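Novice: My questions concern the predicted model and sequence given below.
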Amino acid sequence: MASVYDPGQVEGKWYDYWKQGNFFVPSGDLSQPHFSIVMPPPNVTGQLHLGHALDNTIQDILTRWRRMQGYNTLWLPGTDHAGIATQARVEESLAAEGISKYDLGREGFLERVWEWKRLYGDRITQQLSLLGSSCDWSRERFTMDEGCSRAVREVFVRLYEKGLIYRGDYIINWCPRCLTAISDIEVEHADSDGHLWHIKYPLQDSDQFVIVATTRPETMLGDTGVAVHPEDERYRPLVGQQVVLPLVGRIIPIFADPYVDREFGTGAVKVTPAHDPNDFEMGLRHDLELVNVMSPDAHMNENAGPYAGLDRYEARRQVVKDLEAGGYLLQVEDHQHALGHCQRCDTIVEPMVSLQWFVKMKPLAQPAIEKVVNGEIQFIPERFTRVYTNWMENIRDWCISRQLWWGHRIPVWYCQECGEIICSRQDPVACPSCASSQLVQDEDVLDTWFSSALWPFSTLGWPDDSDDMRHFYPTSVLVTGRDIIFFWVARMIFSGIEHTGQVPFRQVNIHGLILDALGRKMSKSLGNGVDPLEVIEKYGADTLRFSMITGVTPGNDIRFQWDKVENTRNFANKIWNAARFVLMNLEDYSPVEVGRDELSLADRWIYGRLQLKIAEITSLLADYELGEAARRIYDFIWDEFCDWYIELAKPRLFSPSQPRDRVVVQTVLHAVLMEIVKLLHPFMPFITEEIYQNLPGHGPTIMLEAWPQADPDRIDTDAIEQMQLLMAAIRAIRNIRADFNLSHGTAIKVIVAAPESGVADLFRANGGYVQDLARVGELAIVDRLEEAPRQAVSALLPFAEFYVPLEGIIDIHKEVGRLEKELRNIDQEIAKTEAKLNNPGFLAKAPPEVVEKERARAEEAGQRREGLLQRVQILTAE
RNA sequence: GGGUCGUUAACUCAGAGGUAGAGUGCUUCCUUGACGCGGAAGAAGCCACAAGUUCGAAUCUUGUACGACCCA
C-alpha cells in the first residue's frame, strides 16, 4: 500500500464492482421495513454542479446507512426532460448552424431534441456515478419515458374529468423571447430604477381631471378604467364618472376598489386588465373590457393604433412624448420598482391575457396543507414548514400550458367539425359527438413540473398497482434544496395525495445552497462556479462528499472552501495510513479468542469510546444531523484512534518479551478499524471499501456489512475515566517538555505524588503509557513527597502532582512565572465558583448534582491553589 | 411592506440553559519503525447590541443594528 492515498486508483474500480454485484438493488426482504428515496431528477442535458453533488451525497449517505441497517432499500435515479431549458439549448445549437426550429418543423425538431437527449442523457448519470451514488440504475427513469408519460396522461385526464383542469383567457406571465407562458414562480423579481409618470386623464364633459401615476405608460393604450380606493375622500365624488383616455379617446369609467393603495402615487390608478395581474382581477370584479395592445414578441399590436409595430420600450418613449406634447404629462419622478424576469433567459416578462390551461389549486392545496400541519409529512429542519404552508395558503391557479414543442403534449383534441373538446387517455380517432375524424390536438405542451410532480409514484409504476408501488410507496424521505420547495415539493405533495391517496414521502430534508468562498451564489454570469468533477479529479469523491457535509448545520448555506477540501483530503490520507499501519501489523495475525480479562486499560478505553460513538452517530443520522455525525467520526478517528490508541498500541505490538500482548492488540486494532470503516462508509464509500477489502475476515463488500450497534456492556466507564487521568498526565508532562525545550533525546525523570491510593495504583499499573507517550525515563510514584524537590518543574493536577527534576536546567524565575500565571487562572475559577456557592438562590434552586459539582470544583480549585502557593514558596525561599 | 436565516478566535464554521469548540492561519519544538497531506505544545473570543425570563443566558423571549435570502 502506498503511503499517500490515491483515490484515482480506487474509486472507479469499486464502483464497477458494486454495480456488477447488484449491490444497489433493493434486498427485496419484505420482512424488513423499507427505505426509499426518489432522486430529484436532474435536467437530462445538464451537468453535475455542486448543488447536485451535495443533494446526492446526502441521499447516498442515508441510503447506504439504511441499507447497512438491513432495510429493504431503494434509491431510484432518473432525469427530467426540462422542457424549456432543453428546448432552448437545442435551439441555440440549431442557431449556430443557421437554422430555426420552424425550418425543421415540429416533428423534425423533436427528433433533434431526442438526438440531443441521447447524446447528453448519460452524461449527468455518469457524473453521479463518479460521486459514488448507490442508486439502483436498473430502475432509472426519465420524465418522458413511456411509463411517466402514461402517468402524466392519466393525471391530466383525471383532473380534467374532475373539473380541476380548465382552459381560459387569463392573465399569465409571457416571456417575449421564449414565446411561451410561464408560471408565476418561473418569474424572478428584481428591483430596477424606473420612473413614475403622473398623467392627467380629463373627465368627460368637464374641465376637471384625475391624475394617475404609472410606471408603464405605454400600457395606457389598453386602459379600460381608473380605480380609486372606496374610502378615499379625495375621489369620492368622481366615482361613477367617466374619463376620456388621452391619445386614444376611449371613454372609460372611474370606479372604487379596495385593492387601490391610497398612498401610492396620486391614489388613483389607471387600470389595464390585459397587461397587469392586479388590474386583471379588478377588471373581473368590475366587468371591464380587455384590450390587449401587445403581440407575443412584445411589440405593440393593431389595438395600439398609431403605435402598432413599435417595440414596447419604443412605444413607451413615444407615448410619453405624445402625452407631453398634449399637455397630459404633469410630472416624472424617479422610482424603484420590481420587474419580473424570465427565470430561463432573464428577459423582462410581460403580463398578458391569453388562452391557457390551468389547474384549479384551492381544492388540491387544502389537503396538502393538512398533511403537513398534522405531521404526516415532516419538514426537516422544521422551519421550512412555514415556508411551505404560507405559499400553499396563498396559492393561485397553476398555468400548466407552455407554447413549446419539447414536453408532454396536452391530451386534448378539438373536433374541427362540431367543436367538441375531447380529453382522452388514448389518442382518439373519431369525435364521440359527430364521429368526424377531423380532430386536431392542442398545440401546447405541459409545464415540465407537471410531470416532475408525479415523480415519486410515476417512477414506481403508477397508475398500475405494481410491486414497487406496494413495497416502496410512500417513499421515506425527499432530499432537496430549499429553492424548489414551491416548484416541486409542494406539487408532489398535492399530486401524491390527490392521485394515490397517500403522501408521497414522510419526510422532506431541505438543505442549503453551496456558495462560493465569498458567500455569493455560484452562477454562470459571475463565473464563480466550482466544478465538482474538478474536485473529484484532484481529490477524490470521498473528499468532496465529506467536505461538503462535515460541520454543516442542516438547512444552512455552505461556503465552498478549497481549504476545507484539502483538510478533508488530509483526513482521508490519515485514515489510509492508520489502516496501513494496522494492516502492516496484521500480517502475522490469525483471529483468536481474546478474553476480556486480557484487555489492557487502553483496549477497554477504545472499545468503550467506540460504543459511545456508534450510539451518537447512529442517533445523529436518524435526526438528519449529518454534519455533526461526520464531525464525530472525524474526531474519533483522528484524535482517539490515531493520536492515542495507535500510539498506545505500538509498544505492546513490538514487545518481544510479551508475545501475547501483540495478539491482543492486533485483535483490538482489527476490530476497531473494522467498525470505524463501517461507520465511515456512508460518508466515504470508496476508501472504506478499499480498506475493508484488505482487512482479514472481510465479506464480499462493506455495503453488505451490518451497521455497527453499540454494546452497552463494552462501555467501561472506569477505564474511560482512568484513561482521562493518564492522558491529562501525559499532556502535562509534554507541556513541560515544550516549555523547557527538552529535546526528544533528553530522558527525563518524573515523580508522581498521588495521595489517593487508587490514583497511585493506576500510575503504578499503567506508568508505561506515560513513559512511552511523554518520553519519560524513570517514573517514580509516591503517596506524598516529604520535601518537594526545589530544582524541579511541577504540574499540579487535581488528582496528582508531577515533578520533573531539572537540576541545572530549570530557570527558577521562569518557573515561578509559570506557576503564578496558573495561580491567576485558579483565582478566577475560584471567584466564579464561590460566587455561585454564595448565592442562596443557586443552592436552593439548582439541581443537587449541579450544586455538588460546583462544590467539588471549588474544593479542587482550593487544593490546587494551596499546592501552587506552596510550590511558589519553596521556589522563592532563599 | 411581510417572512426566514445569519452575526462565536485573524479567516471559515460547529455547538448550545450550568467551566467557550474545530479546521485553517500564527508562534515554538520534533527526520520517534502509519501518515510532514504528520506529531507535540502554545497564543488568540465581554459568543453583534439592549432589555427581559432564570439561582444561572453565548444558548430561551422581545426589541435594535448590520448582512444574506425568499415572498409581495
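Specialist: Happy to help now that I have it.

Novice: contacting residues around stretch A:562-579?
Specialist: A:1, A:3-5, A:7, A:517, A:535, A:539-540, A:542-544, A:546-547, A:550, A:634, A:637-638, A:641-642, A:646, A:673, A:676-677, A:680, A:684, A:687, A:691, A:694 (CB atoms under 8 Å, 6 or more residues apart in numbering). Quick note: C-beta positions are derived from backbone N, CA and C, even for glycine.

Novice: Now narrow those to whatever sits close to RNA strand B.
Specialist: Among these, proximity to RNA strand B is found for A:Ser3, A:Val4, A:Tyr5, A:Ala517, A:Trp638, A:Cys642, A:Ile646 (CB under 7 Å from any atom of the strand).

Novice: In the helix ranked longest in chain A, which residues are buried?
Specialist: When chain A is parsed with DSSP state H, its longest helix is helix A:101-131. Using 16 or more other CB atoms under 10 Å as the test for burial, helix A:101-131 gives A:101, A:109-110, A:112-113, A:116-117, A:120-121, A:124-125, A:127-131.

Novice: Greatest separation within the ones next to RNA strand B among the contacts of stretch A:562-579: which pair is it?
Specialist: Distances among those were taken as CB to CB; the most separated pair is A:Ala517 and A:Ile646, at 34.5 Å.

Novice: what about the two, which has more around it?
Specialist: A:Ile646 (21 against 13; other CB atoms under 10 Å).

Novice: confidence score at the residue of the stretch 701-850 of chain A found nearest RNA strand B?
Specialist: Closest to RNA strand B within the stretch 701-850 of chain A is A:Gly841: 2.7 Å, counting by CB to the nearest atom of the strand. What the model reports as pLDDT for A:Gly841 is 89.

Novice: How about the secondary structure of the one residue in the stretch 201-350 of chain A that gets nearest to RNA strand B?
Specialist: Using CB to the nearest atom of the strand, the closest approach of the stretch 201-350 of chain A to RNA strand B is made by A:Ala338 at 4.8 Å. Under DSSP: H, G, I helix; E, B strand; the rest coil, A:Ala338 falls in the strand class.

Novice: is it true that it touches A:Asp193?
Specialist: No. Taking contacts as CB atoms under 8 Å, A:Ala338 lies outside contact range of A:Asp193: 11.5 Å.

Novice: between these two, who's got more neighbours?
Specialist: More crowded of A:Ala338 and A:Asp193, by other CB under 10 Å: A:Ala338, with 12 against 8.

Novice: For that one, name its beta-bridge partners.
Specialist: A:Asp191 (DSSP bridges).

Novice: measure it to A:Leu626 for me?
Specialist: Per CB to CB, to the nearest Å, A:Ala338 is found 37 Å from A:Leu626.

Novice: Stretch A:196-209: which residues count as buried?
Specialist: Buried-residue list, stretch A:196-209, by 16+ other CB under 10 Å: A:Leu196, A:Trp197, A:His198, A:Ile199, A:Lys200, A:Tyr201, A:Leu203, A:Phe209.

Novice: Determine which two of the residues you listed are furthest apart.
Specialist: Top of the distance list for the buried residues of stretch A:196-209 (CB to CB): A:Leu196 and A:Leu203, 22.1 Å.

Novice: Can you name the residues bridging to the most centrally placed residue in chain A?
Specialist: Nearest to the geometric centre of chain A sits A:His511, at 2.0 Å (CA atoms, centre = their mean). Note on A:His511: beta-bridge partners by DSSP bridges are A:Gly481.

Novice: From A:Gly551, how far off is it?
Specialist: When A:His511 is compared with A:Gly551 (using CB to CB), they lie 14 Å apart.

Novice: Ok, A:Ala754 next?
Specialist: Counting by CB to CB - A:Ala754 and A:Gly551 are separated by 39 Å.

Novice: Between the two, which has more neighbouring residues?
Specialist: A:Ala754 (23 against 12).

Novice: quick check, distance from stretch A:670-687 to the centre of its chain.
Specialist: 24 Å (CA atoms, centre = their mean, to the nearest Å).

Novice: same question, stretch A:147-156
Specialist: Using CA atoms, centre = their mean, the offset of stretch A:147-156 from its chain centre is 30 Å.

Novice: next one: stretch A:871-878
Specialist: 61 Å.

Novice: and that stretch, average pLDDT?
Specialist: 81.

Novice: interface residues of the stretch 551-700 of chain A facing RNA strand B?
Specialist: Near RNA strand B, when you scan the stretch 551-700 of chain A using CB under 7 Å from any atom of the strand, you find A:551-553, A:556-557, A:559, A:561, A:563-564, A:567, A:569-570, A:572-574, A:577-578, A:580-581, A:584, A:625, A:627-628, A:631, A:638, A:642-643, A:646-647, A:650, A:653-654.

Novice: Mind checking which of the residues you listed are in helices?
Specialist: Using DSSP H, those in helices are A:563-564, A:567, A:569-570, A:572-574, A:577-578, A:580-581, A:584, A:627-628, A:631, A:647, A:650, A:653.

Novice: What subset of those is buried?
Specialist: The buried subset of these - by 16+ other CB under 10 Å - is A:564, A:569, A:572-574, A:577-578, A:580-581, A:627-628, A:631, A:653.

Novice: Out of these, which two sit at the greatest distance?
Specialist: A:Gly627 and A:Leu653, at 35.1 Å, using CB to CB across those.

Novice: Next, give phi and psi for A:Tyr201.
Specialist: Phi and psi for A:Tyr201, reported as degrees, to the nearest 10, are phi -110, psi 110.

Novice: what's the spacing between it and A:Leu238?
Specialist: 10 Å.

Novice: Mind listing the shared neighbours of the two?
Specialist: Joint contacts of A:Tyr201 and A:Leu238 (CB under 8 Å, 6+ apart) are A:Val210.

Novice: element containing A:Lys321, please.
Specialist: Using DSSP states H and E, A:Lys321 sits within helix A:312-325.

Novice: Give the other helices and strands that that helix contacts.
Specialist: In terms of contacts (3 or more CB pairs under 8 Å, 6 or more residues apart in numbering; DSSP states H and E), helix A:312-325 is packed against strand A:187-202.

Novice: ok, now with 10 Å
Specialist: strand A:187-202, strand A:329-342 (3 or more CB pairs under 10 Å, 6 or more residues apart in numbering; DSSP states H and E).

Novice: To A:Asp603, which of those lies closest?
Specialist: Taking the helices and strands packed on helix A:312-325 one by one with CB to CB, strand A:187-202 is closest: 60.2 Å.

Novice: so, in contact with RNA strand B or not, the closest one?
Specialist: Yes. Using CB under 7 Å from any atom of the strand, strand A:187-202 reaches RNA strand B at A:Glu188, A:His189, A:Asp191.

Novice: Go ahead and name everything in contact with the helix or strand just after that strand.
Specialist: Heading C-terminal from strand A:187-202, the first helix or strand you meet, by DSSP H and E, is strand A:209-214. Strand A:209-214 is contacted from outside by A:195-203, A:220, A:223, A:226-228, A:234-235, A:238, A:241, A:243-244, A:246, A:254, A:264-272, A:276, A:328, A:330-331, A:333, A:335, using CB atoms under 10 Å, 6 or more residues apart in numbering.
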